[in-house]
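Student: Coordinates only, no sequence provided:
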């Protein structure tokens, strides 16, 4: 971490973490928590295990922009809707790779998520891989998603028959890892045949946790305080690299895999420049997709299942939609998933309250003034705290903490200001796999709702674990297998609703690509 601070990018700005004093000339005007201590900073009452949830608590007290200091590092957080919308302006701001994201560069390098803006490989990889998320490609992935989901329900059927509860985060992690591995890289980790999570997941969780811990200790002391953790992290990175190298080697030996993402990485040249991804960058992109392609989606599914179990009336409404739209079709088609508009609202509302990638950082392209009030020098950055942006009472109302999927009906979405719902980031560097994740999660929720009644543990209270991403901790559900139901007689009701809402899908997270100037 301390090493990256001294590196300089081609644009003359230092890479990695930059303390806020370097970029905010009127930093004193931004409030901070009380009881700030010399050297240590704002550590009174803070937890190293839950820094993001600590920030949510501070945000409620300090307002739409605030700062925190820890061990000589000053951070600026933004969550007010108008300020976040200002930061979303691509002409003035760009992605900032700092905090825990920069700490992932030893494993992900200049992959899509962790590349600095001046590095060419993120744009090269985006342009090469974007067709892999086209409508035609997604329809092909759908069949494999169904196959992986059947492996999950096979395990859940056994648990239900035996009267056992199911480990929701663990099983969602298995599901999403197998889905991205199968669809993107033609690989089967055998997650559902293992009594414990695959070692790839263990190594991945280790690297994410280590990246977060680096931000909670003084940089000069990190080599001593995190000596054992650093050795484990090096072993985790080595395992991830070996796993991906073996996967790529097998693909080269086989001579192709049917045009999936890995084939595109290995064989496709940029349509304009003819440049191909280097072998080293292919490894980094594969790791990025395997990690980001399953970790955040598994969290989104886990939170959604928690809320469905806690709100049986919402689950019943979602289940009725599944029965109406899918009828007695054993394997729903690709187009039928987009017609589950209420199920999608459940997913969006879960991502509103608990965006599994809980923040994104933006830096000023040139000297500017944020919100007309706070001067920022070129390169100054702020972290958009999505968990509070998604709870801003000026946008979501005084009941913003309440779970209500109807916040995402088409009329409500049209009435809201833009840039108020950002679970996949913003701008040119927003998540390339957004539609993949949303289709997968909506499909899985529909399949599980149709098959099971979900019963929570009466004593469970939601606890959230942080490892850069967010995940429910200790969430287990009891299942009751549903009898197959006949399609509802009002099977055309969904068509009328679709017409009122302007077509299939959900306006809450429309599919458009800012890189190709089609909006956000």
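Tutor: Now that the structure is in, tell me what you want to look at. Values in this document were obtained by computation on a predicted structure and should not be read as measured data. Numbers count the residues shown, from 1 in each chain.
Student: Report the buried residues of stretch 165-178.
Tutor: Neighbour counts over stretch 165-178 (16 or more other C-beta atoms under 10 Å) mark 166-178 as buried. Any C-beta I mention is one placed from the backbone N, CA and C, and that applies to glycine too.
Student: tell me how far stretch 138-149 is from the chain's mean position?
Tutor: Relative to the mean C-alpha coordinate of its chain, stretch 138-149 is positioned 20 Å out (C-alpha atoms, centre = their mean, to the nearest Å).
Student: Run through who's touching it.
Tutor: The contact list for stretch 138-149 (C-beta atoms under 8 Å, 6 or more residues apart in numbering) reads 175, 178-179, 182-183, 331-334, 337, 435-436, 439-440, 443-444, 447.
Student: Select only the buried ones of those in PyMOL?
Tutor: Buried residues among the contacts of stretch 138-149 (16+ other C-beta under 10 Å), as a PyMOL selection:
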select buried, resi 175+178+179+182+183+332+334+337+435+436+439+440+443+444+447
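Student: coming back round to it: mind putting the buried residues of stretch 165-178 in CSV, pLDDT, distance to residue 76 and secondary structure included?
Tutor: Output for these, formatted as CSV (pLDDT from 0 to 100; distance: C-beta to C-beta, whole Å; DSSP: H, G, I helix; E, B strand; the rest coil):
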residue, pLDDT, distance to residue 76, secondary structure
166, 98, 41, strand
167, 97, 38, strand
168, 98, 35, helix
169, 97, 31, helix
170, 95, 36, helix
171, 97, 38, helix
172, 97, 33, helix
173, 95, 33, helix
174, 96, 38, helix
175, 97, 37, helix
176, 97, 33, helix
177, 95, 35, helix
178, 97, 39, helix
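Student: Closest one to residue 380 out of these, please.
Tutor: Lowest distance from residue 380 to these (C-beta to C-beta) belongs to residue 176, with 35.5 Å.
Student: after the strand or helix carrying residue 322 comes which helix or strand?
Tutor: Using DSSP states H and E, residue 322 falls within helix 312-326. The first helix or strand that comes after helix 312-326 along the chain, using DSSP H and E, is helix 334-338.
Student: Could I get the buried residue list for whichever helix or strand comes after that following helix?
Tutor: Using DSSP H and E, the helix or strand that follows helix 334-338 in sequence is helix 341-353. Of the residues in helix 341-353, 341-353 count as buried by neighbour count, 16+ other C-beta under 10 Å.
Student: which residues in the stretch 51-200 of the chain form helices?
Tutor: Here the stretch 51-200 of the chain has its helices, by DSSP state H, counting those that start in this stretch, at 51-62, 81-87, 99-103, 105-108, 121-129, 135-162, 168-185, 199-213.
Student: Span of stretch 466-477 from start to end?
Tutor: Stretch 466-477 has an end-to-end distance of 21 Å (C-alpha to C-alpha, to the nearest Å).
Student: any idea how far residue 133 is from residue 140?
Tutor: Here the criterion is C-beta to C-beta, to the nearest Å. By it, residue 133 lies 11 Å from residue 140.
Student: who's more crowded, the two?
Tutor: residue 133 (18 against 15; other C-beta atoms under 10 Å).
Student: hang on, the earlier thing: pick the one among the buried residues of helix 341-353 closest to residue 84.
Tutor: residue 352 (13.8 Å).
Student: shouldn't residue 348 be in contact with residue 424?
Tutor: No. Counting by C-beta atoms under 8 Å, residue 348 stays clear of residue 424, with 11.1 Å between them.
Student: any low-confidence regions in the chain?
Tutor: 1-17, 485-520 (pLDDT under 70).
Student: pull the longest helix from it.
Tutor: For the chain, the helix with the greatest residue count under DSSP state H is helix 279-310.
Student: In it, which residues are buried?
Tutor: 281-309.
Student: I'd like the buried residues of stretch 165-178 laid out as JSON lines, including distance to residue 75.
Tutor: Shown next, in JSON lines, are these (distance: C-beta to C-beta, whole Å):
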{"residue": "166", "distance to residue 75": "38"}
{"residue": "167", "distance to residue 75": "34"}
{"residue": "168", "distance to residue 75": "32"}
{"residue": "169", "distance to residue 75": "28"}
{"residue": "170", "distance to residue 75": "32"}
{"residue": "171", "distance to residue 75": "35"}
{"residue": "172", "distance to residue 75": "30"}
{"residue": "173", "distance to residue 75": "29"}
{"residue": "174", "distance to residue 75": "34"}
{"residue": "175", "distance to residue 75": "34"}
{"residue": "176", "distance to residue 75": "30"}
{"residue": "177", "distance to residue 75": "31"}
{"residue": "178", "distance to residue 75": "36"}
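Student: which one of those is nearest residue 61?
Tutor: Of all the buried residues of stretch 165-178, residue 61 sits closest to residue 169, with 30.1 Å by C-beta to C-beta.
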